Structures are given as C-alpha cells and as structure tokens.
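# Could you work out the structure for the sequence below:
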Amino acid sequence: QMQLQESGPGLVKPSQTLSLTCTVSGGSITTNYYFWSWIRQPPDKGLEWIGYISYYGGTFYGPSLKSRTSISRDASKNQFTLQLSSVTPEDTAVYFCARSPNAYPAYDYWGQGTQVTVSS
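Take a look at the predicted model:
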C-alpha cells in the first residue's frame, strides 16, 4: 500500500528556510511516470500547489512561490524534500505531499499533512 508521510519542524521563524521531507513507502519515487508534489493550505484558504519533482528528477514550480522554492529528492531513501526560503507568516499552512500519475493535478495518494507555523 502506497503511503506518504511528511516530516519537519512545526515552527519556523520569519526569514528562515522551511524544510520538509516526504517519505514514501509502498512504491518507488523513480517509478515511471509518477510526479511527486508539494501542496499547502493556509488557514481558511484553499489548496495551493507549490511544485513537483518527477520520476526522472525534473522539477516544476508554481509561479507564485517559484523564486523561493526548491524541491529535491534522495532516491536511495525514497524521499523528496521541499525547501521554501525567506518565509513570512503568510507561509503558515498545512503542507501536504502527494502523488499524481502524470503531470496534471489529479492526485491518487496524499500524505496526512503537517502544520507549519511561521512566527517569531
């Protein structure tokens, strides 16, 4: 059974870099032709797609956060990581990792989500 699990600090100070890891079990992140995304949901707002890393390691980011976002992976650990730099309180959100069977936002597996609060 495919499972995704987010991990990382729940509290980050303004101007610092938020770093989260998604650990995948039940399947490999290098398997054709899956895409592995980060998505967030700020309080009282809708879901916002941040970006993805593909089965071959290519990345693509959403326009609103592109300048501050980096997604990477460690295939040996079956993990992929989000780094969001220069965070502000507006980056407070529940962060999810998810899998899609193609480059479109149709996700078949999600992590449970992790709350990240940006505050001094």
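# Can you say which helix or strand has the spatially most central residue of the chain in it?
Ranked by distance to the mean C-alpha position of the chain (Cα atoms, centre = their mean), the top residue is Trp38 at 2.5 Å. Element membership for Trp38, per DSSP states H and E: strand 35-41.
# next structured bit after that strand?
The C-terminal neighbour of strand 35-41 among helices and strands, as given by DSSP H and E, is strand 48-54.
# can you pull out the strands in this protein?
3-7, 11-12, 18-25, 35-41, 48-54, 59-61, 69-74, 79-84, 93-100, 109-110, 114-118 (DSSP state E).
# Now render those as TSV, adding mean pLDDT.
As requested, the strands of the chain are arranged in TSV below (pLDDT from 0 to 100):
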stretch	mean pLDDT
strand 3-7	98
strand 11-12	98
strand 18-25	98
strand 35-41	98
strand 48-54	97
strand 59-61	97
strand 69-74	98
strand 79-84	98
strand 93-100	98
strand 109-110	98
strand 114-118	98
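# Next one: the nearest residue to Ser28 once chain neighbours are set aside from Gln112, what distance?
Spatial nearest neighbour of Ser28, chain neighbours left out: Asn78 (6.2 Å); criterion: Cβ to Cβ, 6 or more residues apart in numbering. For the C-beta atoms, the positions are set from N, CA and C on the backbone; glycine is no exception. With distances taken as Cβ to Cβ, to the nearest Å, Asn78 is found 17 Å from Gln112.
# Of the two, which one has the most company?
A count of neighbours by other Cβ atoms under 10 Å puts Asn78 above the other of Asn78 and Gln112, at 16 against 11.
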